[in-house]
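1. Okay, sequence plus prediction incoming.
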Amino acid sequence: MVVDDFPEESAKAYFSIDLSTEDIRRKILDSISNTAKPFVHSIHTHKNTDWNEDSLTQVFIAQNTVQLQKLSTSLMVGAQYRDIYHKTKGIPDVFYSMIEEGKDHKPSFVMEAKRLPTPSSTREKEYVVGKTATGNPNGGIERFKLGKHGAGHSHCGMLAFIEKEEYQYWLKNINSWIAELYPVWIESELLKLQKNYTHHCQYKSKAKRKKDEVILDHFWIKI
């Protein structure tokens, strides 16, 4: 006789998650803020000195996992999300989801990660807009505007690893790149400072989509 991996008794023991959407988002955003200091320390004390976007994101996720566990036992953070709900082709670098035995949950929050400056001058404005090798639009914020990332979400995020210059320098540049796209892009898409912390800065913007908009929280960490 084959024993069922999920017997009826076990199914009855499953817990139910009783958190509001706002509670979940708050825990996620708090965990990201709390990750900045240990993330920077991890980078500065690491044997590796040749960082790229993927490796920086990997260390960030590891440190974010620690902070997330301090705030909630029902949330996870992972890398490279493939949308199995809306079947969009974009793959955000970071995603957060509720975890529950025997049940898959749609991500509660997704983020795209970028280095500033970009590793190539031809990709200078990639935080805002960019192109794939075949000419398709592929910038960071642009992906959320087009629905490549964050389909079905009204609140998403951008994560920036600041390797050179100061926060104000990048805020000025990125907002100027957005202003260059008027009137296709609009004023609400400009980044606005929310708070300047010791180890990171947080900004907010609203990316206009065809039928609605998505609020973007921007977390910038100077490494």
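-> Arrived safely. Numbers count the residues shown, from 1 in each chain.
2. alpha carbons only for contacts and neighbour counts from here, please
-> Fine.
3. which residues are in contact with the strand or helix carrying residue 24?
-> Element membership for residue 24 (DSSP states H and E) is helix 21-44. The contact list for helix 21-44, computed with Cα atoms under 8 Å, 6 or more residues apart in numbering, reads 59-60, 63-64, 67-68, 71-72, 96, 108-109, 199-200, 219, 221-223.
4. List only buried entries from these.
-> Neighbour counting by 16 or more other Cα atoms under 10 Å classes 59-60, 63-64, 67-68, 96, 108-109, 199-200, 219, 221-223 among the contacts of helix 21-44 as buried.
5. For the nearest residue to residue 59 once chain neighbours are set aside, grab the count of nearby residues.
-> Of all residues not flanking residue 59 in the chain, residue 39 sits nearest, at 6.9 Å (Cα to Cα, 6 or more residues apart in numbering). Look at residue 39: counted by other Cα atoms under 10 Å, it has 21 neighbours.
6. per-residue confidence for residue 91?
-> On pLDDT, residue 91 comes in at 86.
7. how far away is it from residue 149?
-> Going from residue 91 to residue 149 by Cα to Cα, to the nearest Å gives 7 Å.
8. Those two: who's more crowded?
-> Higher neighbour count among residue 91 and residue 149: residue 149, with 26 against 19, using other Cα under 10 Å.
9. right, and the helix or strand after the helix holding residue 24?
-> helix 53-71.
10. Specify the beta-bridge partners of the residue nearest to the spatial centre of the chain.
-> Using Cα atoms, centre = their mean, the residue of the chain that lies closest to the mean C-alpha position is residue 111, 1.5 Å off. Counting by DSSP bridges, residue 111 is bridged to residue 94, residue 157.
11. quick one: contacts for it?
-> By Cα under 8 Å, 6+ apart, the neighbours of residue 111 are 92-95, 156-159.
12. Dump the C-alpha coordinates for the helix holding residue 24 into PDB.
-> C-alpha atoms of helix 21-44 as PDB (Å, rounded to 0.1, in the frame of the first residue of the first chain):
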ATOM      1  CA  THR A  21      -2.200  42.900   2.200                       C
ATOM      2  CA  GLU A  22      -1.000  46.000   3.900                       C
ATOM      3  CA  ASP A  23       0.500  44.100   6.900                       C
ATOM      4  CA  ILE A  24       2.400  41.800   4.500                       C
ATOM      5  CA  ARG A  25       3.700  44.700   2.400                       C
ATOM      6  CA  ARG A  26       4.800  46.600   5.600                       C
ATOM      7  CA  LYS A  27       6.700  43.500   6.800                       C
ATOM      8  CA  ILE A  28       8.400  43.200   3.400                       C
ATOM      9  CA  LEU A  29       9.400  46.900   3.200                       C
ATOM     10  CA  ASP A  30      10.600  46.800   6.800                       C
ATOM     11  CA  SER A  31      12.700  43.700   6.100                       C
ATOM     12  CA  ILE A  32      14.300  45.400   3.000                       C
ATOM     13  CA  SER A  33      15.200  48.500   5.100                       C
ATOM     14  CA  ASN A  34      16.700  46.300   7.800                       C
ATOM     15  CA  THR A  35      18.800  44.400   5.300                       C
ATOM     16  CA  ALA A  36      20.900  47.400   4.100                       C
ATOM     17  CA  LYS A  37      23.400  47.500   7.000                       C
ATOM     18  CA  PRO A  38      24.200  43.700   7.200                       C
ATOM     19  CA  PHE A  39      24.200  43.500   3.400                       C
ATOM     20  CA  VAL A  40      26.800  46.300   3.100                       C
ATOM     21  CA  HIS A  41      28.900  44.600   5.900                       C
ATOM     22  CA  SER A  42      28.700  41.300   4.000                       C
ATOM     23  CA  ILE A  43      30.000  42.900   0.800                       C
ATOM     24  CA  HIS A  44      32.800  44.700   2.500                       C
END
